[in-house]
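> coords please:
(4 chains, ligands or ions: 6)
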Amino acid sequence: MNRPDLKVNIAGVELKNPVMTASGTFGSGLEYGEYIDLNQLGAVVTKGVASVPWKGNSGVRVAETYGGMLNSVGLQNPGIEEFIKKDIPFLRKYDTKIVVNIAGKTLEEYCSVVERLYDEDVDLLELNISCPNVKEGGVCFGTDTEMVSYVVKEVKKRAKQPLIVKLTPNVTDIAAIAKAAEAAGADAISLINTLLGMAIDIYRRKPVLGNIVGGLSGPAIKPVALRMVYQVANAVKVPIIGMGGIISGEDAVEFLLAGATGIAVGTANFVNPRATMDVLEGVEEYLVKYNEDKVIDIIGTLNI
Amino acid sequence: MNRPDLKVNIAGVELKNPVMTASGTFGSGLEYGEYIDLNQLGAVVTKGVASVPWKGNSGVRVAETYGGMLNSVGLQNPGIEEFIKKDIPFLRKYDTKIVVNIAGKTLEEYCSVVERLYDEDVDLLELNISCPNVKEGGVCFGTDTEMVSYVVKEVKKRAKQPLIVKLTPNVTDIAAIAKAAEAAGADAISLINTLLGMAIDIYRRKPVLGNIVGGLSGPAIKPVALRMVYQVANAVKVPIIGMGGIISGEDAVEFLLAGATGIAVGTANFVNPRATMDVLEGVEEYLVKYNEDKVIDIIGTLNI
Amino acid sequence: MKERLTGIIKKNQQLVDGIFEMTLSVDTISNEATVGQFVNLYSIRKDLLLPRPISICEIDKENGQIKLVYAVVGKGTADFSQMQEGDSIQMMGPFGNGFTISEDTKEHVVVGGGIGVPPLLELVKRLKGDISVYLGFRCDPILVKEFRMYTDKVYVATEDGSNGVKGNVIDLLHKHPPKATMIYSCGPKPMLKAVADWSKEKKIEAQLSMEERMACGIGACLVCTCKSKKDDDWDYKRVCKDGPVFWRDEVMWDE
Amino acid sequence: MKERLTGIIKKNQQLVDGIFEMTLSVDTISNEATVGQFVNLYSIRKDLLLPRPISICEIDKENGQIKLVYAVVGKGTADFSQMQEGDSIQMMGPFGNGFTISEDTKEHVVVGGGIGVPPLLELVKRLKGDISVYLGFRCDPILVKEFRMYTDKVYVATEDGSNGVKGNVIDLLHKHPPKATMIYSCGPKPMLKAVADWSKEKKIEAQLSMEERMACGIGACLVCTCKSKKDDDWDYKRVCKDGPVFWRDEVMWDE
Ligand SMILES: Cc1cc2nc3c(=O)[nH]c(=O)nc-3n(C[C@H](O)[C@H](O)[C@H](O)COP(=O)(O)OP(=O)(O)OC[C@H]3O[C@@H](n4cnc5c(N)ncnc54)[C@H](O)[C@@H]3O)c2cc1C
Ligand SMILES: Cc1cc2nc3c(=O)[nH]c(=O)nc-3n(C[C@H](O)[C@H](O)[C@H](O)COP(=O)(O)OP(=O)(O)OC[C@H]3O[C@@H](n4cnc5c(N)ncnc54)[C@H](O)[C@@H]3O)c2cc1C
Ligand SMILES: Cc1cc2nc3c(=O)[nH]c(=O)nc-3n(C[C@H](O)[C@H](O)[C@H](O)COP(=O)(O)O)c2cc1C
Ligand SMILES: Cc1cc2nc3c(=O)[nH]c(=O)nc-3n(C[C@H](O)[C@H](O)[C@H](O)COP(=O)(O)O)c2cc1C
Ligand code: FES
Ligand code: FES
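Ligands and ions are numbered 1, 2, ... in the order given. Have a look, this model is predicted:
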């Protein structure tokens, strides 16, 4: 039997396979490049980058939880100039797509990153709307349909590359948020970002994280992620990139069946630096086992 | 050293200790009574009961997930009459408080259960507002501050026993919901109910659950539960009952430090029928180790 | 007070491809257990919280042991299959109601399919009178020799015809019509349904051992449903507590 | 390509109450490792996802082995302490930059506190010239005999005075002032800060091995911060990749 065709198309960009990295868990690939062949990845999604360098949060930034972890990195990044100088040329040496994840504390910051990337050689943009909107008292951009609509519209106007909008799961109605993003021009939707969580050091009687709360990721959150991907797949027409707790090919197939065209591997990289490759091989094995010629033939094929 | 004083007071009702059972995971105690001495519990919170018998959902009702489980029991219950006939007399034989968890698909159903309980010998009522509001197209009562306010106000009017309002975590702003419940008359707040999740059987290409989606519980969700308890503790003055993933005394202490006056053990019972007792002993050990005479002295004492 | 128990593995070996037999030393269970009951086995893997229900295949009160026969179908059973003699395993039980054996019944028909066959072994040991056993498998039969120790009438079918008659237990029942006043059956749902239909047609009483996914295993959580007749209406009974064995006429198959 | 490795446990025994020594056969690491680096150990418990960073205490290239010394402080290390000779453990490494050893430096001062002491042993083995070692413990000292094999000047302090001088390493440094052109130190943050201050006052260069909670261990996730000077400003460096050893003058202590 021939190897199945793993190609997927996300907003006009063809990926050799659906396996991507989750922003912030893979740097820009330099470190994991020592463990895997980056050419094998469908796409590398880079760590969130802002218009200027951000220092991130102080104090302890990670807490282990049952089947997961909390992080409060706070989007530390070297700023778009440094990113363009170093990360793009590094990644361009590989035969993989580059997705730049974008952070911002104001609409203006998001826009300035997008504009700065206008003439740069990157394939897709991913707008992280889980950031706090400082002008609105720190409420997360992604929790309100109107804010989402506004931000996505303005960013989309200025973007050359197709725009993925990455949703936060900390909302009542994820489908409504996804629809708002789509209506405002999102070319694709990715989800989920981390769930807001907390851990307490009972011996010191203090939160474990310097930032008190942090983002929960890892296999613990997979059921929530999968439910949201399923709900969003039933609400929008644009392609979806699913993530949240994927550690195996089986997990990835669940997301594909639920309606994701691409899938991203995050926390699993920390447990196993070859996690992306294991996921890729697992998806391929599944297709072979069920005589599927093309991965796109199983996307969204859940029997209800 | 003397044994620490474990008594807590929830809305005027004194519990011998803060350890309760989470509704729906313990029946009305009959089954677990073979494994533990029910007299040792601060309170037994019964399975949700409605005005008439509910059959619950069809098909598979449970799926195991990483560090957790999904259930879609759909609030199967024998109705309030049967409950009053069997469960209250059974529980009254024990020296523990009785908390009746109340389910409803309309305001009227909630009210009729509460009214029916008016002259019954139960200690506290727990209003489960995670139920779908059938009149509003099945949106969950607990996801909207106005709906919460309305339901709680009406139910409170009719309730003789103090009213605990149990919140769903599937919302953008849990503190706002808690405040609405408090303002409407809630005497205490309990949280969290289950997170909405999903699992897929990739071999049958079907959702594992007959109901497609279900409620995620167990240690996987603890960080989200703890964050929400912390946020709610900072938003309301009424006592809080914390739950979500508690499997050990240490877990329970995290919730107490975060501001919970009572804590409830749910899914852990399925893993270990003595879970409530282990939690109770763990809390006591912690108090002894840190020379605390009273459990109430550590509630909400997190150093930020 | 009942409690979570520790079983010590005395034997754990493969019977046929993917099916294992485990002998456990756990006298609380061997003392209490009756035929058709099950135990709940816990995995040591902390990602798997829920117990795995496995029927008791044989009860050896004298030596304080029970035997389980299980198929490796997922992560939990895969882990069990890796365990060694001397290892300990956390478990609870015995659970469920078991089969009703009446002294008055003299003609017994036992029908098992696949991994539903093992719990019928202890049953056959205890039945008195005329016993006919019908066993269906996908390919590799198990425990046939053991059943033959208690009755000559053991009929085997395999789907692929590699062993015994090619076909299923219903084909067997047609081929070798039994004398029967009571049927006891355990196996996959479609087979149980077929046995129910057959027995109804033949006007023979039947006890069916049902299977459903579980959480608590003791009747508290209501996840393990068996749709059952109740007066003019119906109800979900609990497989773990009200079952796993149900009377044919209670069970509703329309789900 | 680098990969996750399997180490085989050759020895795993308690040194003093709550502190264990583990010898691992894992030649990829023993071949590559340099002094002051660490490895990441994975728990077999599926509820614990993140690796535990443990410094390399000794490197035995010849036998393809490394030695680790670790304190049991939580679930992960408790599990490690239960492992037996012959068990295998998943691990990655060696990670981090290690100590800089210059041939020109002749007068070395080594300052360790508590569980920060072990990584300094391999260092002392490799230093040439005059070596003074200052070790502080809460009560039970570890590895003192081993350090004495490489230098006569090993000074020990314990907080409770049960062994050596009562006090901490700074007290020791005052009591036995060393000849020094370079200081190497590993231990709890307050101790490192004190060593930094002392060395600054004495105008001696110092290398400090920092500790922080980690996730990836390889520099990709940015959770392991060390607040560091950068031109007129500051920056969070990564303990796992840019460290764990930092020059005193980079490190900022105001957090
Ligand atoms: C009363 C009863 C008696 C049983 N007796 C036996 C027996 O004697 N021998 C045997 O091989 N099997 C028996 N089963 C089925 C057995 O419980 C499952 O095969 C087993 O739980 C699968 O676990 P897993 O981790 O390998 O599979 P996974 O698919 O990884 O399990 C995931 C989850 O689904 C549950 N699950 C999966 N399949 C089943 C199933 N068929 N029935 C119930 N729960 C399931 C698991 O318990 C677990 O919670 C019995 C089931 C019941 C309800
Ligand atoms: C570079 C480096 C080298 C180290 N070398 C040693 C050594 O040689 N010997 C030794 O005993 N310890 C050493 N530690 C500390 C060791 O990593 C922790 O004690 C260990 O991770 C605790 O794990 P646990 O599961 O027992 O504790 P838990 O408290 O249950 O762990 C929970 C989480 O917090 C992390 N964590 C807890 N304490 C620490 C800590 N002090 N530092 C970093 N992460 C922590 C764990 O890795 C885990 O992710 C080193 C730490 C670092 C960063
Ligand atoms: C350490 C860490 C840093 C992250 N940084 C970012 C980020 O910069 N931008 C972003 O959109 N998401 C970020 N995320 C979220 C992940 O991309 C992903 O959405 C989430 O972790 C869920 O996937 P997982 O469970 O596979 O990790 C980060 C996650 C982790 C664990
Ligand atoms: C099987 C099952 C049934 C439940 N039924 C109810 C219910 O009837 N009413 C209710 O308010 N919560 C119900 N819950 C939610 C629990 O009371 C609890 O809020 C939740 O499971 C989180 O706690 P845990 O992680 O300790 O289980 C149920 C949970 C489970 C697992
Ligand atoms: S498994 Fe809980 S009631 Fe049957
Ligand atoms: S642990 Fe990930 S960057 Fe250091």
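
> Tell me who's in contact with the nearest residue to residue A:78 once chain neighbours are set aside.
Once flanking residues are discounted, residue A:78 sits nearest to residue A:53: 5.2 Å by C-beta to C-beta, 6 or more residues apart in numbering or on different chains. Glycine gets a C-beta too; all of them are placed from N, C-alpha and C. Counting by C-beta atoms under 8 Å, 6 or more residues apart in numbering or on different chains, residue A:53 touches A:77-79, A:82.

> try residue C:8
Taking C-beta under 8 Å, 6+ apart as the contact definition, residue C:8 lies against C:24-26, C:86-89.

> May I see the ChimeraX selection of the buried members of those?
To isolate the buried ones among the contacts of residue C:8 in ChimeraX, judged by 16 or more other C-beta atoms under 10 Å in any protein chain shown, type:
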select /C:24,25,26,89
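
> Quick check: the two most widely separated of the contacts of residue C:8?
Taking C-beta to C-beta as the measure, the contacts of residue C:8 reach their widest spread between C:26 and C:86, a distance of 13.9 Å.

> How many residues are close by the closest residue to ligand 3 within the stretch 101-250 of chain C?
Residue nearest to ligand 3 within the stretch 101-250 of chain C: residue C:215 (24.8 Å; C-beta to the nearest ligand atom). In terms of burial, residue C:215 registers 27 neighbours under the definition other C-beta atoms under 10 Å in any protein chain shown.

> Looking at the contacts of residue A:53, spot the one nearest ligand 1.
Nearest to ligand 1 among the contacts of residue A:53 is residue A:77, at 40.1 Å by C-beta to the nearest ligand atom.

> how close does the residue of the stretch 101-250 of chain C closest to ligand 3 get to residue B:25?
Per C-beta to C-beta, to the nearest Å, residue C:215 is found 8 Å from residue B:25.

> joint contacts of those two?
With C-beta under 8 Å, 6+ apart, residue C:215 and residue B:25 have common neighbours B:267, B:270, C:221.

> Contacts only, for the residue nearest to residue C:243 when sequence neighbours are not counted.
The shortest distance from residue C:243 to any non-neighbouring residue, by C-beta to C-beta, 6+ apart, is to residue C:210 (5.3 Å). Each residue near residue C:210 by C-beta under 8 Å, 6+ apart is listed here: C:189, C:192, C:226, C:239, C:243-246, C:251.

> Per-residue pLDDT of residue C:210, please?
As summarised for this prediction, residue C:210 has a pLDDT of 96.

> ok, it to residue C:252 distance?
Using C-beta to C-beta, residue C:210 is found at 11 Å from residue C:252.

> repeat for residue A:218
For residue A:218, the distance to residue C:252 equals 41 Å [C-beta to C-beta].

> list the contacts for the residue positioned nearest the centre of chain A?
For chain A, residue A:22 is the residue whose C-alpha lies nearest the centre (C-alpha atoms, centre = their mean; 4.4 Å). If a contact means C-beta under 8 Å, 6+ apart, then residue A:22 has A:45, A:217, A:243, A:264-267 as its contacts.

> Strands - which of those residues land there?
The subset of the contacts of residue A:22 located in strands under the criterion DSSP state E comprises A:45, A:217, A:243, A:264-265.

> Turn these into a markdown table, columns for distance to residue A:252 and neighbour count.
Conversion of these to a markdown table gives the following (distance: C-beta to C-beta, whole Å; neighbours: other C-beta atoms under 10 Å in any protein chain shown):
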| residue | distance to residue A:252 | neighbour count |
| --- | --- | --- |
| A:45 | 15 | 32 |
| A:217 | 16 | 30 |
| A:243 | 10 | 31 |
| A:264 | 9 | 31 |
| A:265 | 8 | 28 |
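
> Where in the chain is the helix or strand with the lowest mean pLDDT?
This is for chain A. Of all helical and strand segments in chain A, the minimum by mean pLDDT, DSSP states H and E falls on strand A:132-133, at a mean of 78.

> Wait, chain C was what I had in mind.
Averaged element by element with mean pLDDT, DSSP H and E, chain C has its least confident helix or strand at strand C:165-166 (a mean of 89).

> And the contacts of that strand?
C:155-160, C:171-172, C:175.

> Any chance of the residues you listed in CSV with distance to residue D:15, secondary structure and pLDDT as columns?
As requested, the contacts of strand C:165-166 are arranged in CSV below (distance: C-beta to C-beta, whole Å; DSSP: H, G, I helix; E, B strand; the rest coil; pLDDT from 0 to 100):
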residue, distance to residue D:15, secondary structure, pLDDT
C:155, 67, strand, 94
C:156, 62, strand, 94
C:157, 64, strand, 94
C:158, 61, strand, 94
C:159, 61, coil, 92
C:160, 61, coil, 90
C:171, 69, helix, 91
C:172, 67, helix, 92
C:175, 73, helix, 89
